[in-house]
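Q: Sequence and predicted structure, then a few things I'm wondering about:
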Amino acid sequence: MKLSTRWIRDFVDLPVDDRRLAEELTAVGIAVEGISGSGADTVFEMEIGTNRPDAMNHYGVAREAAAIYDVPLKPLSAFSHQPSTKSASGAAFPISVEEPQLCPRFSARVIRGTRIKPSLEKIAHRLQLLDQRPISNAVDATNYVLWQMGKPTHVFDLDLLQGGRLVIRHAKKGEKLKTLDGVERTLSSEDLVVADAKRPVGLAGVMGGWDTMITDKTKNILIESAWWDPLTVRKTARRHGIHTDASHRFERGADFESTILSCDLVAELILASGGGEPAGDVVDVVSEKLDQAPVILRLAEVHRILGGNLKTVEIFRILKKLGFGLIPEGQAGVEFEVHIPSWRLDVEREIDLIEEIARLHGYDKFENTLPTYAGAVLDLPNAHADTTLRQRALALGYNEAVSLSFISHEDAEKFSAASVLEIENPLSAEASVMRTTMVPGMLDMLARNLNRDVEDVRLFEMGRVYEMQNGERAEPERLCLAATASAVKASISLSSLLDVSRKDSKSSPSELGAEEFRAFKGDVENLLAAFAHDQLTFDRETPEYFHHGRSARALMDGIPVAQFGQITEAIKNSRKLRQGVYLAEFDLEQLHVRGLRKIVYKPLAKYPTVERDFSFIFPDEVGFGTMQRAVRALRIPEMREFQPVEIFRGGSVEPGKYSILLRARLQSDEGTLRDEQVSVWSQKIVDALRKLGGVQRA
Amino acid sequence: MVMMENRFLTGHSAQSGMTSVSVIAAMPYTVPKLTDYSADVLEKSAADLRAALKQEELSVQSPEQWKTFRDRWLARKNGIVTQVNELWLKSAPKGAKKLAGQTVNDLKKQVEETAESLRKWWETGQIQVVHLGVEVPAAALEAYALDKVGPVDISLPGIRRPIGAEHPVMKTSREMCAVFQRLGYSIAEGPVVETDYYNFEALNFPPNHPARDTQDTIFIAGQQSKPQRERLLLRTHTSPVQIRTMEKMRPPIRIVIPGTVHRNDPPDASHSPMFHQIEGLAVDTNITFGDLKGTLDHAMKEFFGSSVKTSFRPSFFPFTEPSAELYISCFICGGSGKRDSGPCRPCKQTGWIEILGCGMVDPNVLEFVKDNGYNPKKVSGFAFGMGADRVALLKYGVDDLQLFFQGDVRFLRQWA
């Protein structure tokens, strides 16, 4: 919104230059965002809050300036013409208000015998400064008055109004009105209209009608200045998708007491440029007085909210300058009845007055203080667990990422079984539901990197997914970890490789994949290890988007907590991922329930460890997990570790079988282990492994 | 391991060390007979022996020399340790045996440790050479450097194990929350999918109020059959958590609320349909506008640096009154509005940057939770809210908001 500084200064003599004025207006909340032009053509770019329609014009801003600098505000010039007595009608123009609550006041004035022509140079120039296009003296007059003092008005060609009267009524359903913008509109029965005897001639408070507008031929004019119900104007404007300077102000509340003044100001301008004379007195139909009850202001409340020690004299000065009336007049009291000016519909409560006092006093003048506090300070219940997870993911080289909460219907179906929350007004079809899974977002981020030739990518995201559970919305928390195959490969340390057969087979992709899977699984284990559990097991129950042979579900004491592995070739191709990717999804709800592992110190071992290696040939069907379970079942308390050391396929080992070197570490807390004892245990281990179908190698 | 400082050379002095370590004792040490077995004499004799040990240790530069050293000090027959045992302990009178025994034992242990540590250097010392930052014994380094590889090129880049980077917006949010946690604020959270009641009505946005227009709300589909206040939408701000928390906790209350919010803004360099807010609320008896100002002034100084100045300008929010926007002096141009290269963009040459919205909690809001102790006649409070993404954008000079949500590693790694 643009305002001319010269125009503001018409109403108030200010002791400061425009730049200073801009700063000080801004400091009281009448924000000047920019200054352009110079001298008499200086223009302020204003940002006026939606609650301050009274300041969306020159006189309103002048009022604020008068309060800031404590200088007088000049009154708006009154109407100086005597109505002609020889006018034919003489009497008031008949206006009937059928909806008094929606149009509590309707004022009008008739001008006869004027001529339509371009506006006076001064008027046109001022409108142009504000980026308003001059049209004709009559139309410009309404526009000028709107920018001058804020009250929207409308002018009709009196001779085009049929039946010699105006009716304020609801439109009939399906009734047509061509508005000033040339659009033929079909009205709803909720629209409020100004109608003549036959048809609507204006959309109340929003826009006038085409058929009754001012033209070159117009001689007689009816000026309308009404007060419309804000909500009705807002609904009509929205229904028809129109936003005008008039509707903007009516929606926020116009000045009830300025209907006659604005009529007169418009009339004055038309008469000055086009001649003619006022016909009869101003018509003023007041169906209902707008109730602006006085507000009680207690000084104690001012101090309770604002702190500091504002002087009563300052409080008085501010309120009076802004047009508020105080009873009693003296400053000795502790409580006052404050009368609200008609242009301040936003002030209804004591706190509104307190804001006015703080605003004009200057926010920066209040002393900065720090309050004392005696309550408890709490963190979120899962803050520790989440911080631990995040720190571990970061330490493992995963970069924290954030993706949008929306996914497509298609992805929601493909990557989760949850029931979705659909968006009423989505930004696009690809973002039509709330994410039920983080996987699609993660895949998009991986693809983005790969498409920009960033090969080694590790990302993680912690956040919520959104779903309906039994008719209720739920926002379970998830952690998603992802890495490209090349990033996983780069993390494999030479010493941790188990599978030595690849040396012969020259890196068969499948065998490297097994080591990649282990490397990624290690990251998953590192995150899970932070949480309390007795047993961590893995099975192959994973969703379809995971490669069935290269994915697993992690269970803590039998309860699923995570699923991870390599994404299928099909998904990889459909997402245009240039290489394989690994994903892990953690169910944070489950992990939160378990809580972090309690750390309890264990004394360091006093006695040496004994290692025993076992070399076996096993059929492919027997995995290490089976061996581990069998050996654990022996319940040898001195067994500290049972781990694979080397795996070999091919060569002398027949197809369908593999050679595995296993290592047991034994240690006692009581003393150094004796050879005989270790031999007994070794034999038990060998027997257990044989029972699984293993053949011990020489 | 017995370590003596002059045996260890830093990278800088290694070269001079390699050429000058060839200390040969002018007078070889011999074990003296003791004149008496008093504590003084024992101590003095032991000190002489230690000095000799140290000097001879320094002269050892090759495995051959080490063998000589070992034999001279530790040979069963007539090694120095054996001699000491004979001359200082066995011949000691009864009353002095205890002290002499202790002294001799200590010396023996020290000699053995010295010999052992020298041996270890020969066997394993080389490995330490390649380990960056570890200082290596001169003798070991010399042998290693000359015989095996030569000195490493210390200008070659280190092999770096990748560390992950915190997301700039999350980092900003956590740091900002931490500022308030230190001021006694608890963290609170609430749902992203909210009801009309919590997002609007209880925050003093009546139905059909123009202020709702500014929120560009994203709605959940299929809600028409519900009463308006129960209809679901994506919260447009973190403010609903104010109400939710006040419903659960009685005053006094101090909370800071980080969270995701959504608005129907098509993505561009400065807009995103999803972004992050940090909201704060303090309610107590006698909380004043001065407290709001003081708290935020402190927080901004702690977050952006103590030289930052704050300024509060009147604003309008339905749920606060008086309402304000907080500006801080531009931390990029220092408030001058200019930079070397020309005008300062982040502050639009004004020297001030808008950081957040705030205000005293509107009594109408407290009325909604009055039954839980929030009678607006008795308690007052302030609230504030800022965009974590915007703060991160400003703090790090990022020019495109979209970068935050694309997971581009080239971008994210900059915070590693």
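A: That came in fine, so what should we check first? Residues are numbered from 1 along each chain as shown, chains lettered A, B, ... in the order given.

Q: now residue 362, nearest residue through space, not along the chain?
A: If you meant another chain, say so; for now it's chain A. Once flanking residues are discounted, A:G362 sits nearest to A:A27: 6.0 Å by Cβ to Cβ, 6 or more residues apart in numbering or on different chains. Just so you know, the C-beta spots here come from the backbone N, C-alpha and C atoms, and that holds for glycine as well.

Q: that's the wrong chain, I wanted chain B
A: B:E321 (4.7 Å).

Q: and if you look at A:M445?
A: Closest residue to A:M445 apart from its sequence neighbours, by Cβ to Cβ, 6+ apart: B:G407 at 2.8 Å.

Q: Let me see the domain layout of chain A.
A: Dividing chain A into domains by automatic domain parsing, as the record does, gives the ranges A:2-69, A:95-286, A:295-365, A:383-594, A:610-696.

Q: Can you lay out those as TSV showing mean neighbour count, mean pLDDT and distance to B:E116?
A: Shown next, in TSV, are these (neighbours: other Cβ atoms under 10 Å in any protein chain shown; pLDDT from 0 to 100; distance: least, Cβ to Cβ, whole Å):
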stretch	mean neighbour count	mean pLDDT	distance to B:E116
domain A:2-69	19	94	79
domain A:95-286	20	94	90
domain A:295-365	17	92	74
domain A:383-594	18	92	28
domain A:610-696	15	93	23
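
Q: pLDDT wise, what is B:M27 at?
A: At B:M27, the pLDDT value in this model is 69.

Q: what's the answer for the one 3 residues further on, then?
A: According to the model's per-residue confidence, B:T30 sits at a pLDDT of 86.

Q: cool, and A:A92?
A: A:A92 is assigned a pLDDT of 60 by the prediction.

Q: do the same with B:N199
A: 96.

Q: related to what we said a few turns ago, among the domains of chain A, which comes closest to B:D196?
A: B:D196 sits nearest to domain A:383-594 of all these, at 12.5 Å, using Cβ to Cβ.

Q: where do the strands sit along the stretch 151-300 of chain A?
A: For the stretch 151-300 of chain A, strands defined by DSSP state E, counting those that start in this stretch occupy the ranges A:154-157, A:166-170, A:176-178, A:184-186, A:192-195, A:200-203, A:207-208, A:221-227, A:277-286, A:295-298.

Q: now the strands for the stretch 51-200 of chain B?
A: In the stretch 51-200 of chain B, the strands defined using DSSP E, counting those that start in this stretch lie at B:136-137, B:186-187, B:193-195.

Q: when you scan the last one, is anything in it near chain A?
A: Yes - in terms of Cβ under 8 Å from any Cβ of the partner chain, part of strand B:193-195 sits within range of chain A, namely B:V193.

Q: quick one: what helix or strand has the residue of the stretch 351-500 of chain A found nearest chain B in it?
A: Closest approach between the stretch 351-500 of chain A and chain B, counting by Cβ to the nearest Cβ: A:M445, at 2.8 Å. Using DSSP states H and E, A:M445 sits within helix A:439-451.

Q: list the helices and strands the longest helix seen in chain A packs on?
A: As assigned by DSSP state H, the longest helix anywhere in chain A is helix A:509-528. For helix A:509-528, the elements it packs on are helix A:383-395, strand A:477-484, helix A:485-491, helix A:502-505, strand A:546-556, strand A:559-567, strand A:581-587, judged by 3 or more Cβ pairs under 8 Å, 6 or more residues apart in numbering or on different chains; DSSP states H and E.

Q: In the sheet, which strands lie alongside the helix or strand following it, parallel or antiparallel?
A: Counting by DSSP H and E, the next helix or strand C-terminal to helix A:509-528 is strand A:536-539. Applying DSSP bridges to the sheet, strand A:536-539 is found paired with strand A:546-556 (antiparallel).

Q: What lies in contact with the partner strand?
A: A:513, A:517, A:521, A:524, A:528, A:531, A:533, A:535-542, A:560-569, A:583, A:590, A:594 (Cβ atoms under 8 Å, 6 or more residues apart in numbering or on different chains).

Q: Please save the CA atoms from that strand in CSV.
A: In CSV, the C-alpha atoms belonging to strand A:546-556 read as follows (Å, rounded to 0.1, in the frame of the first residue of the first chain):
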residue,chain,number,x,y,z
PHE,A,546,13.6,-55.3,-0.1
HIS,A,547,15.6,-57.9,-2.0
HIS,A,548,14.4,-61.1,-0.4
GLY,A,549,17.8,-62.7,-0.3
ARG,A,550,19.5,-59.6,1.0
SER,A,551,17.3,-58.2,3.7
ALA,A,552,16.4,-59.0,7.2
ARG,A,553,14.1,-58.1,10.0
ALA,A,554,15.6,-57.4,13.4
LEU,A,555,13.8,-58.6,16.5
MET,A,556,14.5,-57.8,20.1
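
Q: hmm, back to that, and the longest helix of chain A with strand A:546-556, angle?
A: Angle, helix A:509-528 to strand A:546-556, by axes from the mean of the first three to the mean of the last three Cα atoms, to 10 degrees: 30 degrees.

Q: Please save the CA atoms from helix A:509-528 in CSV.
A: What follows is helix A:509-528, C-alpha atoms only, in CSV (Å, rounded to 0.1, in the frame of the first residue of the first chain):
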residue,chain,number,x,y,z
PRO,A,509,29.2,-59.6,-7.3
SER,A,510,27.1,-61.9,-5.1
GLU,A,511,29.9,-62.6,-2.7
LEU,A,512,30.9,-58.9,-2.3
GLY,A,513,27.2,-58.3,-1.8
ALA,A,514,27.3,-60.6,1.2
GLU,A,515,30.0,-58.6,2.7
GLU,A,516,28.2,-55.3,1.9
PHE,A,517,25.1,-56.6,3.6
ARG,A,518,27.2,-57.4,6.6
ALA,A,519,28.7,-54.0,6.6
PHE,A,520,25.3,-52.3,6.5
LYS,A,521,24.0,-54.8,9.1
GLY,A,522,26.8,-53.7,11.3
ASP,A,523,25.5,-50.1,11.3
VAL,A,524,22.0,-51.3,12.1
GLU,A,525,23.5,-53.4,15.0
ASN,A,526,25.4,-50.4,16.2
LEU,A,527,22.2,-48.4,16.5
LEU,A,528,20.2,-51.2,18.1
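
Q: between it and strand A:559-567, how many degrees?
A: On the basis of the same axes, to 10 degrees, helix A:509-528 is oriented at 150 degrees to strand A:559-567.

Q: Could you check how far the closest residue to A:R6 other than its chain neighbours is from chain B?
A: Of all residues not flanking A:R6 in the chain, A:A40 sits nearest, at 4.7 Å (Cβ to Cβ, 6+ apart). Applying Cβ to the nearest Cβ, to the nearest Å, the value for A:A40 to chain B is 25 Å.

Q: Can I take it that A:A40 is in a helix?
A: Yes - counting by DSSP: H, G, I helix; E, B strand; the rest coil, A:A40 is found in a helix.

Q: Backbone dihedrals for residue 375, please?
A: Just going to use chain A. Backbone torsions for A:G375, taken as degrees, to the nearest 10, come to phi -90, psi 180.

Q: Return the per-residue confidence for it.
A: 82.

Q: same thing with the one 5 residues further on?
A: Among the per-residue scores, A:L380 shows a pLDDT of 93.

Q: ok, it touching B:I187?
A: Yes - look at A:L380 against B:I187 with Cβ atoms under 8 Å: they come within range, at 5.0 Å.

Q: more crowded one of the two?
A: Between A:L380 and B:I187, counting by other Cβ atoms under 10 Å in any protein chain shown, B:I187 is the more crowded of the two (17 against 13).
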